[in-house]
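Student: coordinates only, sequence not included:
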């Protein structure tokens, strides 16, 4: 049996390896969408916040797994929520794709496009002005709930470690620690993708954005279909 | 100037990715034999260095995200240590998911584990059974989601 310290290292290395091998394929479209929606602004802080939110969710889930020591029970209880998040993510990517190309001003969707002082238009304007870089944190927390094979595997390790803990509290903290280690391991790959998708240095970005928008819409629809069949 | 910086960054990233992927791949100790079987129909069997190894998973049908009991039955000499199973997907890194087995009879080893679900929809999984100091074999089978 591995010592607790060794498990942290192993699970961090696992996160690093699956980050480049798995997350790029599965979470890559989301990260690329987020980068493209920044339209050339710096991607580092928003993506650090997105990853911070994602890891926070992993940590909380790990804590619950460690405290209960039951993987199947916890996963069963959040299955519907995960499906909802997957559908929401797909729809979000579609809307981001359409809005990025300027094909649908967000105000039109929410009914007050012709009233710039409308509540929704003002709300979205504030949101997009701040683009509240800070909004990437709760967004990351939400997207951290997306179903993912390697995340399940890491949660399984958290649940197992929790079963061997001396108390519920110890199990909780071990679970949190393990999932934070795993999440930190996955950050490098997603930051690389975020940076690669940052088209700020391109001179002719409009065409790229249009093409990217189409791809984002396709990916978003794919997410929704996958979620419905999940 | 910025283009040059981005090109350097891109090259550095490619090197990092290559390093991580190669480091992960080189961790394997040679490819074990791979046996495709129907785990729902009964135990999967193969030979490692001439000794028969059987893997069974209960309950059936074998479903992902459910508590499962893995049983490995050996033939021949008793191994130096209990065998263990690493679960994964062919061609996809799903993280380390090891099932620790304990003796449950003469050359019979049993342990609990869970096959997780991949949102991609792929249902083909592999169970790599390793018998210490003898070798390993991969059983490839479909599970139910």
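Tutor: Cool, got the structure. This structure is a prediction, so every number in the text was calculated from the model and none was measured.

Student: Okay, and residue B:41 sits in which element?
Tutor: Following DSSP states H and E, there is no helix or strand that holds residue B:41.

Student: and what of residue B:94?
Tutor: In the assignment (DSSP H and E), residue B:94 maps to strand B:92-100.

Student: what do you get for residue A:209?
Tutor: Element membership for residue A:209, per DSSP H and E: helix A:205-229.

Student: ok, residues contacting that helix?
Tutor: If you take Cβ atoms under 8 Å, 6 or more residues apart in numbering or on different chains as the criterion, helix A:205-229 is touched by A:29, A:32-33, A:36, A:39-40, A:83, A:86-87, A:89-98, A:100-101, A:103, A:199, A:202, B:119-121. C-beta here means a position set from N, CA and C on the backbone, and glycine is covered the same way.

Student: change it to 6 Å
Tutor: Identification of contacts with helix A:205-229 by Cβ atoms under 6 Å, 6 or more residues apart in numbering or on different chains yields A:29, A:33, A:36, A:83, A:86-87, A:89-90, A:93-94, A:97, A:100-101, A:199.

Student: do the same with stretch B:83-93
Tutor: Contacts for stretch B:83-93 (Cβ under 6 Å, 6+ apart): A:17-18, A:21-22, B:70, B:72, B:94, B:97-101, B:109, B:115, B:125-131.

Student: out of those residues, which are buried?
Tutor: Buried members of the contacts of stretch B:83-93, counted by 16 or more other Cβ atoms under 10 Å in any protein chain shown: A:17-18, A:21-22, B:70, B:72, B:94, B:97-99, B:101, B:109, B:115, B:125-131.

Student: Quick check: what element follows the one helix or strand in chain B whose mean pLDDT sits lowest along the chain?
Tutor: Using mean pLDDT, DSSP states H and E, helix B:2-26 stands out as the lowest-scoring helix or strand of chain B, at a mean of 50. Next helix or strand after helix B:2-26 toward the C-terminus (DSSP H and E): strand B:33-36.

Student: Report all helices and strands that that next one contacts.
Tutor: On a contact count with 3 or more Cβ pairs under 6 Å, 6 or more residues apart in numbering or on different chains; DSSP states H and E, strand B:33-36 meets strand B:135-142.

Student: Would you mark the buried spots in the strand it packs on?
Tutor: Within strand B:135-142, the residues that count as buried by 16+ other Cβ under 10 Å are B:135-142.

Student: Tabulate those residues in TSV, adding columns for distance to residue A:193 and pLDDT.
Tutor: Output for the buried residues of strand B:135-142, formatted as TSV (distance: Cβ to Cβ, whole Å; pLDDT from 0 to 100):
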residue	distance to residue A:193	pLDDT
B:135	38	92
B:136	34	94
B:137	36	95
B:138	30	96
B:139	34	97
B:140	30	97
B:141	33	96
B:142	31	96
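
Student: Which ones among these also lie next to chain A?
Tutor: When contact is defined as Cβ under 6 Å from any Cβ of the partner chain, the buried residues of strand B:135-142 do not meet chain A at all.
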